[in-house]
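What follows is a predicted protein model with its sequence.
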Amino acid sequence: MSIDLHNAVAVVTGAGSGIGRAAAHAFARRGARVVVTDLDAQRAHAVVEELGALGGEAVAAACDVTVIDDLQAVRDLALHRFGRVDLVMNNVGILAVGPVEDIPLEAWQRVIDVNLLSVVRSNLVFLPVLLEQGAGHVVNTASTAGLLPYGYDRLPYTATKHAVVGLSEALALYLRPRGIGVSCLCPAGVATNIVEQITFYGEPAPPQGPAFPVVDAESVGELVADGVSENRFLILTAQEAAAELRELGADVDHYLSRLTKDMP
């Protein structure tokens, strides 16, 4: 069920910077042809130029993941240019940060639309292609904040990332028997420009939870490419998160009590 990235066609959203850009590079280094999409068309084109300079084959497209017509246009571009789609990486995410009581409803709606419903739109657009082929792979970018309960200072983000994890788990059960792999990337601290996608509300709430190491985006891109090649579901950037997840699963009440006691 694992796919060979050599000559595969990979579509990556949010690929103009950060993890998406790094994943596009990692896929290209393994011989994939990449459709680089981003809300910022200039960034997408810049990444395509980078890949071209390294001998990769890529095409850029502006894409707003809250608009299904944009995703359909990306699918059509991939099929027209390369004849197929083998890998789809849903990688766009934004944050609303602040005390829960200060984050307005419209901020919640925006985060849900971008972080969660973008994956739903992508599924509607790309899964029929993969299902018809009977082969392919989907990568959904979630977060350790979608595995663990510490992200109360960014609750809309935390809620949507938990939803992406659950969606991905169920999707894996549905798609694997049909020849399509599913991976869920759950990064911890990653050095990217994610701050550009944060809106702050009220007085900042002190974050609470385990201190995971911060890694560079390039390392995460390699982890994703390896995970796809090995058909792994859960891709972590900090293995320490696995121990936290085991502790949480063993006794949720005890885990929450421990975190509460450690709060300032």
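Arrived safely.

ok, now which ones touch residue 65?
Each residue near residue 65 by CB atoms under 8 Å, 6 or more residues apart in numbering is listed here: 13-14, 39, 71, 90, 92, 114, 118, 121-122. (Glycine included, C-beta is placed from N, CA and C.)

Give me the below-cutoff pLDDT ranges for this protein.
Counting by pLDDT under 70, the chain contains low-confidence residues at 1, 191-197, 205-209, 262-264.

hey, which helix is longest across it?
Scanning the chain for the longest helix, with DSSP state H as the assignment, gives helix 155-175.

what does it contact?
93-97, 100, 103, 107-108, 111-112, 115-116, 119, 123, 127, 130, 138, 140-143, 145-147, 149, 151-152, 181-184, 186, 233.

switch to 7 Å and redo it
Outside of helix 155-175, the residues that reach it under the criterion CB atoms under 7 Å, 6 or more residues apart in numbering are 95-96, 100, 103, 107-108, 111-112, 115-116, 119, 138, 140, 142-143, 145-147, 151, 182, 184, 233.

Centroid-nearest residue for this protein?
residue 141 (1.7 Å; CA atoms, centre = their mean).

Around the residue nearest to residue 131 when sequence neighbours are not counted, how many other residues sit close by?
Across the structure, with CB to CB, 6 or more residues apart in numbering as the measure, the residue nearest residue 131 apart from its sequence neighbours is residue 178 (6.1 Å). The local packing count at residue 178 equals 14, with neighbours defined by other CB atoms under 10 Å.

Could you check how far residue 26 is from residue 243?
Computed as CB to CB, to the nearest Å, the residue 26 to residue 243 distance reads 26 Å.

Between those two, which is the more surrounded one?
The residue with the greater number of neighbours, taking residue 26 and residue 243 and applying other CB under 10 Å, is residue 26; the counts read 23 against 11.

hmm, back to that, which among the contacts of helix 155-175 end up buried?
95-96, 103, 107, 111, 115-116, 119, 138, 140, 142-143, 145-147, 151, 182, 184 (16 or more other CB atoms under 10 Å).

now the helices: where do they sit in the chain?
18-29, 41-53, 68-82, 105-111, 117-133, 155-175, 217-229, 240-250, 252-262.

ok, residues contacting the shortest one?
By that I understand helix 105-111. With CB under 7 Å, 6+ apart as the contact definition, helix 105-111 has outside contacts at 94, 96, 156-157, 160, 199, 201.

run the last query once more with 10 Å
Helix 105-111 is contacted by residues 66, 93-98, 103-104, 117, 154-161, 197, 199, 201 when judged by CB atoms under 10 Å, 6 or more residues apart in numbering.
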